[in-house]
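Novice: sequence unknown, structure follows:
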């Protein structure tokens with residue numbers, strides 16, 4: 001099947017952080033998926049409403065109505081990680097928000113792609129305490145996605161934890177990770193030219209020594225985790241004053257990274 005109007009909603013992963021920068025623009029898996037879709041239908045129109053830092057309830061309130069107004073036939077929904085990493089996380093509540101978005105989209109005849117999250121304990125060992133939350137949330141998303149008109153990309157059991165697939169902050173995929181995720185979604189949708197080659201494991205890396213591994217954890221905590229915690233304590237978000245990088249449905253220029261707009265300021 002081909003699609004003519006694709007809208008992506010979500011947070012920083014869907015915005016494309018880790019694949020580009022704020023100066024040249026962020027590409028990301030959703031832009032890369034749009035290129036897959038445009039290869040099958042050159043008339044594809046694509047919008048990306050995702051904004052970094054957004055929690056599931058914010059995505060539903062801010063992005064879902066805008067997405068529905070664009071009358072898409074395909075929407076990708078990635079939400080929940082910004083909830084999982086915050087105190088007071090309620091898996092049933094957040095998964096219920098994701099399910100509500102799925103129900104409202106499919107009721108309008110939209111095909112929905114949603115996904116589980118990979119094992120963050122294997123990506124950032126210091127995040128291991130969050131693993132039970134992630135497992136609970138993923139299980140609920142699988143149930144929510146088990147309905148007609150929904151495609152689930154279940155990343156948790158797949159090879160999405162190799163360090164080379166993640167940027168230095170371990171929160172956002174690297175260009176290689178975004179490329180693999182886009183290929184996984186294209187394959188799940190059965191897009192022409194997609195196959196299982198994206199599942200091939202990368203060449204194994206030598207395990208770092210204990211001292212080097214410990215030093216890497218300390219650097220990560222100081223460089224990335226610390227500032228994130230500081231923003232939370234101040235009630236700030238990386239998405240403050242940010243708007244969608246691609247709010248309107250526009251044509252896709254395949255193979256051209258410049259298709260990604262910059263996130264604007266409100």
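Specialist: Arrived safely, thanks for sending. All values reported here derive from a predicted model rather than from experimental measurement.
Novice: so after the helix or strand of the chain with the lowest mean pLDDT, what's the next helix or strand?
Specialist: Of all helical and strand segments in the chain, the minimum by mean pLDDT, DSSP states H and E falls on helix 226-233, at a mean of 57. Where DSSP states H and E defines the elements, the next helix or strand beyond helix 226-233 is strand 246-251.
Novice: Distance from the chain centre to that following strand, please.
Specialist: From the chain centre to the centre of strand 246-251 is a distance of 18 Å (Cα atoms, centre = their mean, to the nearest Å).
Novice: Next one, pLDDT for the residue nearest to residue 149 when sequence neighbours are not counted please.
Specialist: For residue 149, the nearest residue in space outside its immediate sequence neighbours is residue 106; the separation is 4.2 Å by Cβ to Cβ, 6 or more residues apart in numbering. C-beta: built from backbone N, CA, C; applies to glycine. Listed pLDDT for residue 106 reads 98.
Novice: quick one, helices of the stretch 1-150 of the chain?
Specialist: With DSSP state H, counting those that start in this stretch as the criterion, the stretch 1-150 of the chain has helices at 12-15, 28-40, 56-58, 64-69, 81-84, 91-106, 120-123, 131-144.
Novice: Single out the most deeply packed of these.
Specialist: Counting by mean count of other Cβ atoms under 10 Å, helix 12-15 has the highest mean neighbour count of these, with a mean of 28.
Novice: and it, what's its mean pLDDT?
Specialist: In the prediction, helix 12-15 has an average pLDDT of 95.
Novice: low-confidence ranges in the chain?
Specialist: For the chain, residues meeting the criterion pLDDT under 70 lie at 170, 205-208, 212-240, 254-266.
Novice: Quick check: most distant residue from the centroid of it.
Specialist: Among the C-alpha atoms of the chain, the one most distant from their mean position (Cα atoms, centre = their mean) is that of residue 211, at 32.3 Å.
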